[in-house]
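Student: Provide a 3D model corresponding to the input given below.
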Amino acid sequence: MFLPLLIQLHQAAPQIATAVVERALAAASCANRPTKHLIIADMSQPSSVRRLWVLDLSGPTPLLLEQTYVAHGAGSDPIRSGLPHHFGNALNSNQTSLGLSVVSEPYEMVKHGKSYRLDGLTAGFDDNMRIRGVVLHPADYVSTSGRVGRSNGCPALNPAVFATLDKENALAGSLLWIDGQGAPTVHCAARFAPSPWPLTVSPTWATPSNKLCIPEISS
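Tutor: As a prediction, this is how the structure comes out:
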């Protein structure tokens, strides 16, 4: 069902692993929310590589807007190896959460400036994001040369990259898929419905759902 879009996404961003894209597509289809942008972060890769992709889905075919660096949580990498091994959803864990979330309303952080609340949609994996204070924000410790610090669990971006992506609040409403070791594979009835993402210039969106995705742990 996803084969045409899967092929198009790989043409736009061939560096993303097939299994990562498949999990992202399944989860986003289950969430059944209209979106212009799909953001995919592959936390199976170290922070020294560009492991986050921002894709524009509003045109006739997906368009890669950015491939960039992203921080992971200190609790996911306590020995500072640059590669996260532990993921979680618990309060005060400082860990990166796996799964699908939606980029919600903007607000001002004292330290980092304009940021976005994240609402996790994957039950048991990232649905504590808001109460944990895990947000999408710019951070000076994320460089554009591969030197990336650790966050408190937030997928932090380089400030210049963040500003470029967020022109006219463009990040609002985006879907964010965070993949990594133990990432869930979402199974739901909506997965077998036609993709809500446009393959034509004038798409017809499905009605957004407020339900959480129900995941199964991938082997």
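
Student: CA atoms for contacts and neighbours, from now on please.
Tutor: Will do.

Student: just the strands in the protein please.
Tutor: 37-42, 52-56, 63-68, 99-109, 113-120, 135-136, 175-179, 184-186, 215-217 (DSSP state E).

Student: and M129, which of these is closest to it?
Tutor: strand 113-120 (5.7 Å; Cα to Cα).

Student: Which elements pack onto the closest one?
Tutor: strand 99-109, helix 129-132, strand 135-136 (3 or more Cα pairs under 8 Å, 6 or more residues apart in numbering; DSSP states H and E).

Student: V134 is in contact with G120, isn't it?
Tutor: No. Look at V134 against G120 with Cα atoms under 8 Å: they stay out of range, at 9.5 Å.

Student: how about a markdown table for the helices and strands packed on strand 113-120, with mean pLDDT, mean neighbour count and distance to W177 added?
Tutor: A markdown table is the format used below for the helices and strands packed on strand 113-120 (pLDDT from 0 to 100; neighbours: other Cα atoms under 10 Å; distance: least, Cα to Cα, whole Å):
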| stretch | mean pLDDT | mean neighbour count | distance to W177 |
| --- | --- | --- | --- |
| strand 99-109 | 97 | 20 | 4 |
| helix 129-132 | 98 | 17 | 13 |
| strand 135-136 | 98 | 22 | 12 |
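
Student: So for D56, which of those sits nearest?
Tutor: So among the helices and strands packed on strand 113-120, strand 99-109 is nearest, using Cα to Cα, at 14.6 Å.

Student: So what are the sheet partners of that closest one and their directions?
Tutor: Note on strand 99-109: by DSSP bridges, its sheet partners are strand 113-120 (antiparallel), strand 175-179 (antiparallel).
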